[in-house]
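> Build me a model from this:
(one chain, ligands or ions: 2)
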Amino acid sequence: MEKKRIVVKVGTSTLCHGGKGLNFRNIDLLARTLADIKNGGNEVILVSSGAIGAGCGKLHLRERPVDLRLKQAVAAVGQCELMHIYDKFFGEYGVTVGQILLTRDDVDMPNVKQNLLGTFESLLELGVIPVVNENDSVCIEEIESEHKIFGDNDTLSAVVAALVSADLLVLLSDIDGLYDCDPRKNGGARLIPVVGEIDASIIALAGGAGTDFGTGGMATKLSAAAIANENGIDMVITNGDNPQNLYDIIKGNSIGTLFKRKAL
Ligand SMILES: Nc1ncnc2c1ncn2[C@@H]1O[C@H](COP(=O)(O)OP(=O)(O)O)[C@@H](O)[C@H]1O
Ligand SMILES: N[C@@H](CCC(=O)OP(=O)(O)O)C(=O)O
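Ligands and ions are numbered 1, 2, ... in the order given. Okay, here's the model as predicted:
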């Protein structure tokens, strides 16, 4: 199999059981699958949400906090917990992880961007899987975004994919892909397997987050797809409950929704 550089983004709804703690089944399957894909000769970067979700579990908070100060404090606790668990699970499969926390400015400033790219390249050369999140305790774009198009981990994952010139971006969510309407609100919703162009008719399909712990919903995923596709990168949305789907996605099989890249 041809070596690929793959960015995988995983959402809170895949990593956490609401406010009740981490979803160890999904995290373990994810670590096992990504470790195996890396061992198969690919380069893997994981963009992981879940700091606030994990923090809520650790601090026994039943609801995602609304107050910014509290959110940032909860993220500080949860990010630590998340990395501890990633280190443990990836370690079980013989893979080392490294943490990169980003603010939007980091990728907007050319010299910082260049250093950042150097860090990613070095980590990948060392055989490490970088684990990326927005630096929630410092910046506010991501955790304040809720229904905005920018400032979320979906968009961040596309920015990272573009930065490292990835071959493929996969978003793992709590849903199988993009439907013709929100399946949580409409039992007859139908999956759209391929999107060739993200035009107004596609954008009109996207609703908000499905759970109290997810943010952005489909709107931010479409924003990510637009960035990825414009940079010549295919993007797939698939269900995070089955990370093994990544094997088929890498082979080019039809799973979830594929957003096709533009020819550069
Ligand atoms: N057209 C649509 N197709 C699929 N899901 C949609 C659509 N519109 C809104 N959604 C919602 O988007 C949710 C996924 O986004 P989100 O809750 O932010 O999850 P994540 O934590 O994985 O990023 C789904 O659970 C679904 O309820
Ligand atoms: N960066 C924050 C918020 C991310 C978040 O909830 O986004 P997502 O689950 O990807 O819709 C975190 O790690 O908790």
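
> which residues in this structure form helices?
Applying DSSP state H to the chain gives helices spanning 12-15, 24-39, 51-58, 68-92, 104-108, 110-125, 141-145, 153-163, 200-203, 217-230, 245-251.

> among those, where is the model least confident on average?
Lowest mean pLDDT of these: helix 141-145, a mean of 55.

> follow-up on the earlier one: would you format the helices of the chain as JSON lines with mean neighbour count and distance to ligand 1 included?
Glycine gets a C-beta too; all of them are placed from N, C-alpha and C. Formatted as JSON lines, the helices of the chain follow (neighbours: other Cβ atoms under 10 Å; distance: least, Cβ to the nearest ligand atom, whole Å):
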{"stretch": "helix 12-15", "mean neighbour count": "26", "distance to ligand 1": "4"}
{"stretch": "helix 24-39", "mean neighbour count": "19", "distance to ligand 1": "11"}
{"stretch": "helix 51-58", "mean neighbour count": "27", "distance to ligand 1": "8"}
{"stretch": "helix 68-92", "mean neighbour count": "18", "distance to ligand 1": "14"}
{"stretch": "helix 104-108", "mean neighbour count": "14", "distance to ligand 1": "18"}
{"stretch": "helix 110-125", "mean neighbour count": "13", "distance to ligand 1": "22"}
{"stretch": "helix 141-145", "mean neighbour count": "21", "distance to ligand 1": "10"}
{"stretch": "helix 153-163", "mean neighbour count": "26", "distance to ligand 1": "6"}
{"stretch": "helix 200-203", "mean neighbour count": "12", "distance to ligand 1": "9"}
{"stretch": "helix 217-230", "mean neighbour count": "23", "distance to ligand 1": "4"}
{"stretch": "helix 245-251", "mean neighbour count": "17", "distance to ligand 1": "14"}
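
> got those as TSV, with distance to residue 3 columns?
Converted to TSV, those look like this (distance: least, Cβ to Cβ, whole Å):
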stretch	distance to residue 3
helix 12-15	26
helix 24-39	11
helix 51-58	31
helix 68-92	20
helix 104-108	25
helix 110-125	11
helix 141-145	31
helix 153-163	16
helix 200-203	32
helix 217-230	19
helix 245-251	11
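
> closest to residue 179 out of those helices?
Among the helices of the chain, helix 217-230 comes nearest to residue 179, with 8.4 Å by Cβ to Cβ.

> Any part of that closest one near ligand 2?
No. Applying Cβ under 6 Å from any ligand atom, one finds helix 217-230 out of contact with ligand 2, separated by at least 7.0 Å.

> packing partners for that helix?
Packed against helix 217-230, as judged by 3 or more Cβ pairs under 8 Å, 6 or more residues apart in numbering; DSSP states H and E, are the following elements: helix 153-163, strand 168-173, helix 200-203, strand 234-239, strand 257-259.

> try it again with 7 Å
Applying 3 or more Cβ pairs under 7 Å, 6 or more residues apart in numbering; DSSP states H and E, one finds that helix 217-230 contacts helix 153-163, strand 168-173, strand 234-239, strand 257-259.

> Name the residues that touch that helix?
Residues outside helix 217-230 that contact it (Cβ atoms under 7 Å, 6 or more residues apart in numbering) are 149-150, 152, 154-155, 157-159, 161-162, 169, 171, 178, 198, 202-203, 206-210, 235, 237, 259-262.

> Verify the stated contact: residue 10 with residue 240.
Yes. Shown here, residue 10 and residue 240 form a contact pair, counting by Cβ atoms under 7 Å, at 5.6 Å.
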